[in-house]
Structure formats: structure tokens, C-alpha cells
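**Student:** no sequence on this one, just coordinates:
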């Protein structure tokens, strides 16, 4: 008897018009229509059958691979998603526009967009839709826009967009999702970055904000009022200083140098000047190290008119009395408050901390410094009898404030070794009165300047710099050291100190005691003392 050893044999036959692949022992054959093969072009390597990396389909079948799987049923049918959107740098672009893809034409399907507007910490973002047209659906389940303001997130569709959008912090997010189907024009969003605003009664921990009078820029109501603001300091990021920029500051004036009516009071670690009058564009650094909160308080009193004789054009023998205001009732304030961390690296803002003991701090090579209320004025109705007097109603300065004792510091820039101070005009230095002969001349030294004066360490006139001893106190009606003119100092750190006493000899308005307004200029180390006067 003949024994026939039968090894694995392949049979290729025809079955119902397609190729049939059969393996001994298999109970099921695979037709060509149930397997997919890629089309092969000329000179292209033919890929192996499933599981054929080593031995082709024979080993695959013998190894028991699952040839019953259906590739079609394993294909995911999720629609394609088109990502779009970007991050907007609001620190650079404080105004801009965001539009849906394709706008003003209809937007495409399967969008997944997200725009993030990121501004400087302490600011917020305002936005409005100039056009909003997104396919409407029940509960906005199809196409929709999501607005995330920080503390709330809302979905919108159709034509009902929010009238105004305001972020809760420095970040505003806009998301846009679309599905397959009808589409519309989409949207056009206009945004602007603004500083946060607070007013009386607020309690805020924001890094930066504007503290404004009620209904600013409208003037205060002419009545007794107390306005309080509490600034909370973040314990996670210790705060050491507040910088207060008096962008617009108009309160009632002092009376003989005292703030008896309107007052701005700062309650912090150390005694600070009580301010009143006109102090726009001034700034103050406040030490708040170790404090949980700091309070800013503003008190205002009603401004009352006074009877004034007015010229009678029809009958010169009869005087008309009118009630007029000497003090301008147009009072308001806008103060930019910035919290400065103890560690500079923790601050997202450019404001540097001031050195200890400095109420004001200037960082530029040149600039202008002035005493508080330097520009404060009232209308003088004292000489008015019948309104024909030349002095009737003229503006007079209300003068510097009493009880001032603070330092103005200037950051020494690299390559600069000295600083000079000089008047901005002929009347911009008035501390104490005139000489007996009523001629303006410099007053200096401790023997002459003991009431109101400025102190410049090692100060001297450039022509008088070789003196062994310098005179550091300056007062009178002209700035100068023996000689009228600029005062120079090579003492570091650069600093000027103002000291005023507790009273003024004249009531009501300033009599030759307006204060000072000086231009400072840092002197390069390369310039010798003899050439300093020409440099100024």
C-alpha cells in the first residue's frame, strides 16, 4: 500500500465569480470581496497580507490570526475637526477685532476655534459684537459661541449675542464650534483693554486699578461726603508698597496751608502727608509691608459762595450783590493704584519699588518735580466792592501745604555721577517770604532756612563748588547757593527733601509761599564740575 504524505496544500478555485482562498481544515473560505488590498503601481513592493511580516498568509493562517474581522466596521466615523483661533497679546494690542473664519461670508463646518485675549494683570477687557449671526438651535446644541469671562461661561447662538462683554480679570476667552449643516455669516467682535475701576465703598485685591470719585468725570456733589476704599494685600505674594498715581486730583484748597476742609488720608505703616488742593500728575509710594489691608479715605465738605459786589451797568450808584464761589466746585479724582510685591520677579508690572524713606521716586535721567498743591488756585473776591476793581476775581495761588516732611528720590542711572536742580521759570521757587528790600534773592543755610525749605545733600552752585563747606538748605524766592541759579549735588543716592512748618503767617491764600517746581538733570560722569553749568 502506498502511503502518501500530504503536506499543507493550497487550492485555488473559482467560487461565485470571485477568488476563493482555502486552507486545509478551515471551515470558512474568504472571498475577494471580503478582503481589501491596496492597488499596486509598477515597480512598487507588494505589501504582505495581514500577519505576513514573517511568513506571509500561510503562517498567519496557521498561527490562528483573526481573519474574520471586518475593517469597515472598525473605521471611526467622527467628523473632521478644524482647529482655529489664537492668543492675542493684549499688552501690545489694546484694541482689536476677532472674526469667525470666512467672515463676512458663511463660516465652514466642523470648526473648533478658541481665541484668548490676555492683557496686563490688573486690567480687564471690554468687548462688543458688531455682528452676530450663528445658526440657531435648541439650547445652542449645534453651532454656538462660548464667552468665558473668568467667573462665568455662557453659550450663544442665533442672533442674540450679549450687548456688552466685560472680563472679570485680565483674560477673556471666545470659543466657536460648528457642525455639519446650514451656516451663517458668523460674528465680528471688537475688544479693548481698560484698567479696572472702583469707587467709594469698594474692597479690592487687584494688582492695579483706578480709584475714581462717584460718577467720574462729573464733579462731586456739593455736600459733606466720606469715601473709603480698602486695598487688600495677597498673602501668597507679599506686597511691600503701593504706588498711587494721581492722574486727576482736584479737591478743595488748603486754608493758610492747612487741609481744614477736603482731605485725602492714607492709613498705612507710617505717617503720610494729608493732601488737598490740586495735585494732578503727582505720585506717592506707600509702605504697606506686613499689612493685611490699606485704607484710602477722602473727606469733602460743601463749598459755600460769598457775597460779591458786581458792577451795575445801568446804575453806577447802586451795587449789585451776587453770591459767587471763590473755590471752584469742580472737584473729582482718578487715582491709579498699583500693588508692588516685595520680590520684583513676582510683579507682572513695570513699576519698580521705591527705596525706603522715599515718598516719591523718579527713574528718568531728566524730569520735573514739584511740591503738592503747586498749581492750586482760587478766585480772589476780597478786593471786590462794586466789581470794577482790577484785582477782583483774579486767580491767586493757595500755596504749599503745612506739616510736610518727605523725600523725593531720583534713581541714579549708569554713567551719571551728579544731579542738578533748577527752576522751570522765574516764579517756580517760593518758600518763605521776600527780603526786607523786597528783592528776590537766594536764602540758604540753617540760620535763614528753618521754617520752610528744601534740603539737597552737598548742594552747591556750579560756580561755587570748590567751597569746603556747602550749604544744604534752600528757601526764599529764588533757588541758589549764595548765587541764584542751579544747585548741583554729587552725593548719592540722589535725593531732595522738603520740610514745611505748621503754619503760614498769612491767612486764606499763599503770600510768596507757592512752593516749588524744579527741573532735575543727571550729570554724566564724563563732565567735570567746571563744565556742569554749561551742560544744564
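**Tutor:** Noted; the coordinates are in hand. Just so we're clear, the structure is a prediction, and the values are computed from it rather than from any experiment.
**Student:** let me see the ranges of the helices in the stretch 401-536 of the chain.
**Tutor:** Counting by DSSP state H, counting those that start in this stretch, the stretch 401-536 of the chain has helices at residues 529-535.
**Student:** tell me where this structure has helices.
**Tutor:** 56-62, 529-535 (DSSP state H).
**Student:** so where's the stretch 1-150 of the chain shaky on pLDDT?
**Tutor:** Residues of the stretch 1-150 of the chain meeting the criterion pLDDT under 70: 1-81.
**Student:** same thing but at 80, please
**Tutor:** 1-82, 122 (pLDDT under 80).
**Student:** with the stretch 401-536 of the chain instead?
**Tutor:** In the stretch 401-536 of the chain, residues with pLDDT under 80: 432-442, 461-471, 481-483, 503-512, 528-536.
**Student:** in it, which spans are strands?
**Tutor:** For the stretch 401-536 of the chain, strands defined by DSSP state E, counting those that start in this stretch occupy the ranges 405-410, 416-423, 429-430, 442-444, 453-455, 473-476, 480-481, 483-484, 487-489, 494-499, 515-524.
**Student:** partner strands of the fourth one, with direction?
**Tutor:** I take that to be strand 442-444. strand 473-476 (antiparallel) (DSSP bridges).
**Student:** list the contacts of the strand it pairs with.
**Tutor:** The contact list for strand 473-476 (CB atoms under 8 Å, 6 or more residues apart in numbering) reads 429, 431-432, 434-435, 440-446, 448-456, 459, 480-481, 487. No exception for glycine: its C-beta is placed from N, CA and C like everyone else's.
**Student:** using ChimeraX, define a selection of the buried residues within these.
**Tutor:** In ChimeraX, this line selects whichever of those come out buried by 16 or more other CB atoms under 10 Å:
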select :429,431,432,440,442,443,444,445,448,449,451,452,453,454,456,459,480,481,487
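**Student:** and the strands of the stretch 401-536 of the chain, which is most packed in?
**Tutor:** strand 429-430 (a mean of 27; mean count of other CB atoms under 10 Å).
**Student:** elements contacting that strand?
**Tutor:** strand 515-524 (3 or more CB pairs under 8 Å, 6 or more residues apart in numbering; DSSP states H and E).
**Student:** ok now the strand it packs on, how far from the chain's centre?
**Tutor:** 28 Å (CA atoms, centre = their mean, to the nearest Å).
**Student:** strand partners (parallel or antiparallel) of that strand?
**Tutor:** strand 366-370 (antiparallel), strand 416-423 (antiparallel), strand 429-430 (antiparallel).
**Student:** what's the closest of the ones you listed to residue 182?
**Tutor:** strand 366-370 (61.9 Å; CB to CB).
**Student:** what does that closest one contact?
**Tutor:** Applying CB under 8 Å, 6+ apart, the contact partners of strand 366-370 are 282, 360, 362, 408, 410, 424, 496, 515-522.
**Student:** which parts of that strand are buried?
**Tutor:** Quick answer for strand 366-370 (16+ other CB under 10 Å): 369-370.
**Student:** average pLDDT across that strand?
**Tutor:** In this model, strand 366-370 has an average pLDDT of 97.
**Student:** tilt between it and strand 494-499?
**Tutor:** Relative orientation of strand 366-370 versus strand 494-499 (axes from the mean of the first three to the mean of the last three CA atoms, to 10 degrees): 10 degrees.
**Student:** tell me how far residue 298 lies from residue 194.
**Tutor:** As defined by CB to CB, to the nearest Å, residue 298 lies at a distance of 23 Å from residue 194.
**Student:** sorry, slip of the keys, the one I care about is residue 295.
**Tutor:** 25 Å.
**Student:** pull the contacting residues for the nearest residue to residue 150 once chain neighbours are set aside.
**Tutor:** Nearest residue to residue 150, sequence neighbours excluded (CB to CB, 6 or more residues apart in numbering): residue 168, at 3.5 Å. Counting by CB under 8 Å, 6+ apart, residue 168 touches 124, 149-152.
**Student:** in strands, which of the residues you listed appear?
**Tutor:** Mapping the contacts of residue 168 onto strands (DSSP state E) picks out residue 124.
**Student:** buried ones among the contacts of residue 168?
**Tutor:** 124, 149.
**Student:** quick one, what contacts residue 453?
**Tutor:** By CB under 8 Å, 6+ apart, the neighbours of residue 453 are 431-432, 473-475, 498-499.
**Student:** redo that, cut-off 6 Å
**Tutor:** 431, 473, 475, 499 (CB atoms under 6 Å, 6 or more residues apart in numbering).
**Student:** tell me the one among the residues you listed nearest to residue 120.
**Tutor:** residue 499 (37.8 Å).
**Student:** measure the closest residue to the closest one other than its chain neighbours to residue 271 for me?
**Tutor:** Nearest non-adjacent residue to residue 499, counting by CB to CB, 6+ apart: residue 405, 5.2 Å away. Distance of residue 405 to residue 271, given as CB to CB: 9 Å.
**Student:** got it, and residue 93?
**Tutor:** In terms of CB to CB, residue 93 sits 43 Å off from residue 271.
**Student:** these two - which one has more neighbours?
**Tutor:** Each of residue 93 and residue 271 has its neighbours counted (other CB atoms under 10 Å); residue 93 has more, 13 against 10.
**Student:** ok, the more buried one to residue 192 distance?
**Tutor:** From residue 93 to residue 192 the distance is 10 Å (CB to CB).
**Student:** and what of residue 462?
**Tutor:** 49 Å.
**Student:** neighbour-wise, which of those two wins?
**Tutor:** Comparing residue 462 with residue 192 by other CB under 10 Å, the one with more neighbours is residue 462, at 22 against 15.
**Student:** now that one: how far from residue 128?
**Tutor:** For residue 462 relative to residue 128 (CB to CB), the value is 58 Å.
**Student:** check residue 343 too.
**Tutor:** Distance from residue 343 to residue 128, by CB to CB: 38 Å.
**Student:** neighbour count winner among the two?
**Tutor:** residue 128 (15 against 11).
**Student:** the more buried one pairs with what?
**Tutor:** residue 190.
**Student:** re earlier: present the contacts of residue 453 as CSV; the columns should include distance to residue 83.
**Tutor:** Compiled in CSV, those are given as follows (distance: CB to CB, whole Å):
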residue, distance to residue 83
431, 67
473, 70
475, 70
499, 65
